[in-house]
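Q: Structure for this input, please:
(one chain, ligands or ions: 2)
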Amino acid sequence: MSETTSTPWPQHLEQALAGWLPWQRWFASKGTPIERISVASCVELVDDLDEGGPRGLLLVAAVHFVDAEAPELYQVPLGIRRSLPAELESSVIAALDDVVVYDALDDASLCRVLLTLIGRGAEVAGVRFVAEPIAGFSAANRSGLTARRMTSEQSNTSVVFADRYILKVFRRLAEGVNPDLELHRALRQVRSSHLATLLGSIEGSIGGRPVTYAMLQTFAANSAEGWSMATASVRDLLAVQPCAPPAAGGDFTPEAFRLGAAVAEVHADLATAFGTTTLRGAELRALSEGMSTRLAAALPQVPALAPYAALLRRRFAEVADLPGGVQVQRVHGDLHLGQVLRAPTRWLLIDFEGEPSASIAQRTETHSPLRDVAGMMRSFDYAAQHHLRSATPQPGTSIEALRDRAAEWAAHNRAAFCRGYADVAGFDPIDQHVLLTAYELEKAVYEAVYETRSRPDWLDIPLRAVRELTGLIEAPR
Ligand SMILES: Nc1ncnc2c1ncn2[C@@H]1O[C@H](COP(=O)(O)OP(=O)(O)O)[C@@H](O)[C@H]1O
Ligand SMILES: O=P(O)(O)O[C@H]1O[C@H](CO)[C@@H](O[C@H]2O[C@H](CO)[C@@H](O)[C@H](O)[C@H]2O)[C@H](O)[C@H]1O
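A: Ligands and ions are numbered 1, 2, ... in the order given. You can find the predicted model right below:
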């Protein structure tokens with residue numbers, strides 16, 4: 001149980017990491033020239049090499065860029081074995097002398113080590129494995145649990161244990177307690193019912209600054225992702241002869257209503273846990289200017305936004321004049337249909353981490369709850385537009401007709417979501433048109449940057465939204 005940064009082999013490892021880490025899905029700065037990768041910290045969690053088992057290290061890699069002063073930190077749990085079982089062959093990072101180094105999150109036995117250490121509330125060389133005070137969790141027997149790594153495209157890496165627990169291992173580490181952990185802890189205190197139960201965490205510090213390595217929750221078995229349900233509903237609507245969305249198979253509007261109510265409940269719980277304030281005067285101007293500042297930062301990255309910049313600034317400026325100010329509080333921060341799960345009895349909100357590219361300070365800022373509502377409004381648009389990208393019009397119809405029907409689907413579901421929200425919150429977000437539209441436009445600008453970096457062939461979705469929301473083209477409502 002010791003720090004291993006002084007052992008000779010990490011130097012070779014740094015070279016190996018340079019050929020592996022930048023190609024991982026969770027590496028945030030793809031395409032940015034890298035100067036070198038160094039080992040920021042490395043803690044040994046287990047060493048069973050002499051018994052023919054693995055050695056497990058919790059390593060943090062610092063990625064130094066050619067043009068940036070501060071490195072980015074990434075968590076890379078490593079396994080080391082003398083010989084590798086066949087199922088781990090595609091996980092190899094480096095072959096060093098007489099051992100093979102590989103991605104530990106593919107190794108069920110090493111994943112179980114993390115789970116066991118959390119259950120025990122262990123501390124290893126400054127890394128704290130924390131078990132939340134949940135009845136029965138610490139005492140539960142975890143030795144025989146299966147462990148499978150999730151294969152979905154993620155910003156982090158999650159491991160599911162026997163459909164009972166899910167461990168999210170944060171990849172890019174930022175200074176401070178991760179808001180995902182912070183908000184889950186606070187919401188548990190106020191008995192919020194629309195989230196998975198927090199069971200534990202892995203926390204520590206690097207260079208004297210706190211970091212969150214991982215978060216353990218109950219796994220919501222038999223649940224469906226909001227994105228899958230919504231896109232299946234769009235698919236069903238476009239497959240039948242023209243009819244109104246609620247008349248087609250797979251109508252999503254009742255679920256959109258329930259989802260709106262669930263989001264409003266979580267907002268009320270967050271207000272109880274952290275309080276609210278109202279922005280007026282200079283603070284309100286700062287909110288409006290912040291939107292324009294983020295637009296200014298986006299423009300060089302997405303030149304296609306330039307023709308809309310003046311219109312966007314005008315919409316953002318209107319926020320500064322809102323009579324009565326804007327009530328703000330802690331919010332989810334990156335809410336979309338991929339962040340909600342329909343469990344058998346209720347909707348759950350997941351991933352309270354905020355926008356992955358923002359700093360922790362930015363992600364813990366307060367906002368109007370309408371910012372999250374705007375995220376969902378945008379997501380209904382995404383679900384509708386996504387299917388169109390591969391849709392082939394049947395004889396007698398056209399892609400324009402399909403586009404109109406998809407937009408009608410989005411409008412119906414947006415309205416249902418807002419009705420559900422109003423049912424709990426007592427006000428309909430649609431009635432706060434200026435603020436809601438400004439947040440939708442801000443989100444569309446963020447998405448334009450996200451898509452440019454991650455999925456350039458999706459860029460037309462947020463760009464079309466910018467044209468619609470600024471009134472340049474008509475949107476079916
Ligand atoms: N508690 C949970 N129960 C079941 N599935 C979950 C749970 N939390 C997350 N998931 C699944 O894992 C996926 C990734 O989780 P998420 O927290 O969004 O990770 P990331 O921040 O890496 O994107 C989600 O899309 C969801 O399908
Ligand atoms: O889930 P993450 O926290 O990693 O969020 C990032 O990636 C999302 C895509 O995976 C991105 O969401 C955008 O695409 C979604 C469909 O794939 C859509 O439902 C969202 O409305 C849209 O914003 C999200 O913006 C980004 O932060």
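
Q: what residue ranges in the stretch 51-200 of the chain are flagged as low confidence?
A: Along the stretch 51-200 of the chain, the model assigns pLDDT under 70 to residues 135, 138-141.

Q: if you go through it in chain order, where are the helices?
A: Under the criterion DSSP state H, counting those that start in this stretch, helices of the stretch 51-200 of the chain are mapped to 108-120, 179-189.

Q: And these: which comes nearest S38?
A: Distances from S38 to each of the helices of the stretch 51-200 of the chain were compared using Cβ to Cβ; the minimum, 23.2 Å, belongs to helix 108-120. Bear in mind the C-beta positions are built from the backbone N, C-alpha and C, glycine included.

Q: Can you mark which positions in stretch 351-358 are buried?
A: 351-354, 356, 358 (16 or more other Cβ atoms under 10 Å).

Q: just those residues that are near ligand 2?
A: With Cβ under 6 Å from any ligand atom as the criterion, the members of the buried residues of stretch 351-358 in contact with ligand 2 are 351, 356.

Q: Specify which member of the buried residues of stretch 351-358 is nearest to V263.
A: Comparing every one of the buried residues of stretch 351-358 with V263 (Cβ to Cβ), the shortest separation belongs to F352, at 12.3 Å.

Q: From ligand 1, how far out is the residue lying closest to the closest one once chain neighbours are set aside?
A: Across the structure, with Cβ to Cβ, 6 or more residues apart in numbering as the measure, the residue nearest F352 apart from its sequence neighbours is L183 (4.1 Å). As judged by Cβ to the nearest ligand atom, to the nearest Å, L183 and ligand 1 stand 12 Å apart.

Q: What is the burial count for P307?
A: P307 is surrounded by 12 other residues when neighbours are defined as other Cβ atoms under 10 Å.

Q: make that R378, sorry
A: So R378, with other Cβ under 10 Å, has 27 neighbours.

Q: before we move on, what about A416?
A: Count around A416 with other Cβ under 10 Å applied: 23.

Q: Please look at it and T253 and confirm they touch.
A: Yes: with contact defined as Cβ atoms under 8 Å, A416 counts as touching T253 (4.0 Å).

Q: Get me the contact residues on this protein for ligand 2.
A: Selection of the chain residues close to ligand 2 by Cβ under 6 Å from any ligand atom yields 155, 227, 334, 336-338, 351, 355-356, 378-379, 382, 447, 450.

Q: Give me the residues contacting the one helix or strand M291 maps to.
A: Secondary structure assignment for M291, by DSSP states H and E: helix 281-298. By Cβ atoms under 8 Å, 6 or more residues apart in numbering, the residues outside helix 281-298 that reach it are 279, 305, 309, 312-313, 316-320, 322, 325-326, 438, 441-442, 445-446, 448-449.

Q: So which of the residues you listed belong to helices?
A: 309, 312-313, 316-318, 438, 441-442, 445-446, 448-449 (DSSP state H).

Q: and the two most separated of these?
A: Based on Cβ to Cβ, the longest span within those runs between E318 and V449 and measures 22.6 Å.

Q: Compare neighbour counts for these two and give me the winner.
A: Neighbours were counted for E318 and for V449 using other Cβ under 10 Å; V449 has more, 19 against 14.

Q: Give me the pLDDT for the more buried one.
A: Here the pLDDT value assigned to V449 is 95.

Q: which ones are touching it?
A: 298, 301-302 are the contacts of V449 under Cβ under 8 Å, 6+ apart.

Q: Over to T157?
A: Listed by Cβ under 8 Å, 6+ apart, the contact partners of T157 are 26, 105, 149-150, 168-169, 171.

Q: That one and C111, how far apart?
A: T157 sits 10 Å away from C111, going by Cβ to Cβ, to the nearest Å.

Q: shared neighbours of those two, which are they?
A: When Cβ under 8 Å, 6+ apart defines a contact, the residues bordering T157 and C111 alike are 105, 149.

Q: Columns pLDDT and secondary structure on top of the buried residues of stretch 351-358, output as TSV?
A: Conversion of those to TSV gives the following (pLDDT from 0 to 100; DSSP: H, G, I helix; E, B strand; the rest coil):
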residue	pLDDT	secondary structure
D351	96	coil
F352	97	coil
E353	93	coil
G354	90	coil
P356	73	coil
A358	82	coil
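
Q: okay, which residue is most central for the protein?
A: Averaging the C-alpha coordinates of the chain gives a centre point, and the residue nearest to it by Cα atoms, centre = their mean is D351 (5.2 Å).

Q: so it sits right up against H336, yeah?
A: No: contact between D351 and H336 fails when scored by Cβ under 8 Å: they sit 9.5 Å apart.

Q: tell me the angle of the strand ranked longest in the chain relative to helix 108-120?
A: As far as residue count goes, and with DSSP state E defining each element, the longest strand of the chain is strand 34-47. Here strand 34-47 points in a direction 70 degrees away from that of helix 108-120 (axes from the mean of the first three to the mean of the last three Cα atoms, to 10 degrees).

Q: Off-centre distance for strand 34-47?
A: When C-alpha coordinates are averaged (Cα atoms, centre = their mean, to the nearest Å), strand 34-47 and its chain have centres 25 Å apart.

Q: do stretch 305-315 as well
A: The chain centroid and the centroid of stretch 305-315 are separated by 27 Å under Cα atoms, centre = their mean.

Q: Now that stretch: buried residues?
A: In stretch 305-315, counting by 16+ other Cβ under 10 Å, buried: 305, 308-309, 311-312, 315.

Q: Go through these and name the one nearest ligand 2.
A: Looking at those and their distance to ligand 2, the nearest is L305, at 15.6 Å (Cβ to the nearest ligand atom).

Q: okay but the closest one is in contact with L311, surely?
A: No: under the criterion of Cβ under 8 Å, L305 lies out of contact with L311, with a separation of 10.5 Å.

Q: Could you check which residue of the stretch 251-400 of the chain lies nearest ligand 1?
A: When distances are taken as Cβ to the nearest ligand atom, the stretch 251-400 of the chain reaches nearest to ligand 1 at D351, 3.4 Å away.

Q: do the same with the stretch 1-150 of the chain
A: M150 (5.5 Å).

Q: burial of the closest residue to that residue other than its chain neighbours, as a residue count?
A: The spatially closest residue to M150, leaving aside those adjacent along the chain, is S158, at 4.5 Å (Cβ to Cβ, 6+ apart). With neighbours defined by other Cβ under 10 Å, the count for S158 comes to 19.

Q: same question, M150
A: When neighbours are defined as other Cβ under 10 Å, M150 has 14 of them.

Q: got it, and the one 10 residues further on?
A: Here the count is done by other Cβ under 10 Å, and V160 has 18 residues near it.

Q: and which of the contacts of T157 is nearest to A232?
A: Nearest to A232 among the contacts of T157, counting by Cβ to Cβ, is M150 at 20.2 Å.

Q: Verify the stated contact: the closest one with V160.
A: Yes: with the criterion set as Cβ under 8 Å, M150 and V160 qualify as a contacting pair; they are 6.2 Å apart.

Q: intersection of neighbour lists for the two?
A: Looking at what touches both M150 and V160 (by Cβ under 8 Å, 6+ apart), the common residues are I166.

Q: Within range of ligand 1, give me the residues from the stretch 201-350 of the chain.
A: By Cβ under 6 Å from any ligand atom, the part of the stretch 201-350 of the chain that sits against ligand 1 consists of 217, 219-220, 223, 225, 338-339, 341, 350.
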